[in-house]
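1. Output the structure for:
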Amino acid sequence: MMDGIQWGWFVMASGLLILTPGPAVLYIVTRGVSEGWRNGVVSAWGVGLANLVHALIAGFGLSMLVVSSPVVFRMIQFGGAGYLVILGIQRWMRKPCEATQHAGGQRSAAIRAFVQGWVVGILNPKTIVFFLAFLPQFVDQSMVHLRWPYVSLGLIFVLMALVGDSTWALVSGWVSTALKGDAWRQFERVVSGAIYCLLGFAAVWSA
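-> Okay, here's the model as predicted:
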């Protein structure tokens, strides 16, 4: 049964995909730069939880139902795009380092980063398509009717992506720490908000 899954090729292909920056990585890096490495990592864990949900949904065949329904798929697509634009506008309106001046503010910011990371990940229709198109390539045709190959491969990918995304968050947070000053904070706030909005517009443009 184990020979029906091409484990080695799957790990290599997953590693290459994870090392290639995509929308999720841009979101996490932007979070790390704007709020520090801790919230960047927390945001990565939120995205990771969303990836886990998508992997389980794909493993049980429910993703096909979403993709086969144009209305539902479009609702998820435009919902995710709109949410990113809202995050960008909120970033423009929020003052630098707002809500992180005390322990309570730091906890609130961390919770917000996790929840927003999860929402961004769960409303990403490309993740649904990715799991539907990517995982079956590494499962033998004689096993396509089984659930465990898809779930096991999905879990491996989620763990690998979590490590990669957390690394991006750490690096971006450390870079942000090295760059200090009011001018940098103002520049970062404008750019991070623009990235969120551009990610949202790109999601709609690729529809």
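2. could you list every residue that touches residue 79?
-> residue 123 (CB atoms under 8 Å, 6 or more residues apart in numbering). All C-beta atoms are positioned from the backbone trio N, CA, C, and that covers glycine.
3. to the chain's geometric centre, what's the distance from the helix or strand harbouring it?
-> Using DSSP states H and E, residue 79 sits within helix 70-93. Relative to its chain's centre, helix 70-93 lies at 14 Å (CA atoms, centre = their mean, to the nearest Å).
4. Quick check: what element follows it along the chain?
-> Assigned by DSSP H and E, the successor of helix 70-93 is helix 103-122.
5. Mind checking the pLDDT average for that next one?
-> The pLDDT scores in helix 103-122 average 83.
6. Now whichever helix or strand comes after that helix - C-alpha only, CSV.
-> Using DSSP H and E, the helix or strand that directly follows helix 103-122 along the chain is helix 125-134. Extracted C-alpha coordinates of helix 125-134, given in CSV (Å, rounded to 0.1, in the frame of the first residue of the first chain):
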residue,chain,number,x,y,z
PRO,A,125,-9.7,29.3,-3.7
LYS,A,126,-6.4,28.6,-5.2
THR,A,127,-5.6,26.4,-2.2
ILE,A,128,-8.6,24.2,-3.0
VAL,A,129,-7.6,23.8,-6.6
PHE,A,130,-4.0,23.2,-5.6
PHE,A,131,-4.9,20.2,-3.4
LEU,A,132,-7.2,18.8,-6.0
ALA,A,133,-4.6,19.1,-8.8
PHE,A,134,-1.3,18.5,-6.9
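7. Quick one: list the elements packing against helix 125-134.
-> helix 37-59, helix 62-67, helix 70-93, helix 148-178 (3 or more CB pairs under 8 Å, 6 or more residues apart in numbering; DSSP states H and E).
8. between the ones you listed, which gets nearest to residue 17?
-> With CB to CB as the criterion, residue 17 lies closest to helix 148-178 of the helices and strands packed on helix 125-134, at 8.4 Å.
9. nearest to residue 194, of the helices and strands packed on helix 125-134?
-> helix 70-93 (6.7 Å).
10. burial measure for the residue nearest to residue 126 when sequence neighbours are not counted, as a count.
-> Nearest residue to residue 126, sequence neighbours excluded (CB to CB, 6 or more residues apart in numbering): residue 23, at 7.5 Å. Close neighbours of residue 23, defined as other CB atoms under 10 Å, add up to 21.
11. ok, residue 23 - contacts?
-> 124, 126, 199, 202-203.
12. Among those residues, which one has the most neighbours?
-> Busiest of the contacts of residue 23 [other CB under 10 Å] is residue 124, holding 27 neighbours.
13. Tell me if I'm right that that one and residue 80 touch.
-> Yes: with contact defined as CB atoms under 8 Å, residue 124 counts as touching residue 80 (5.5 Å).
14. Poorly predicted segments of the chain, please.
-> Low-confidence segments of the chain, defined by pLDDT under 70: 1-5, 62-68, 72, 95-105, 139-147, 179-188, 196, 203-204, 206-207.
15. mind running it again at 90?
-> Residue ranges of the chain with pLDDT under 90: 1-27, 29-37, 54-110, 120-155, 172-207.
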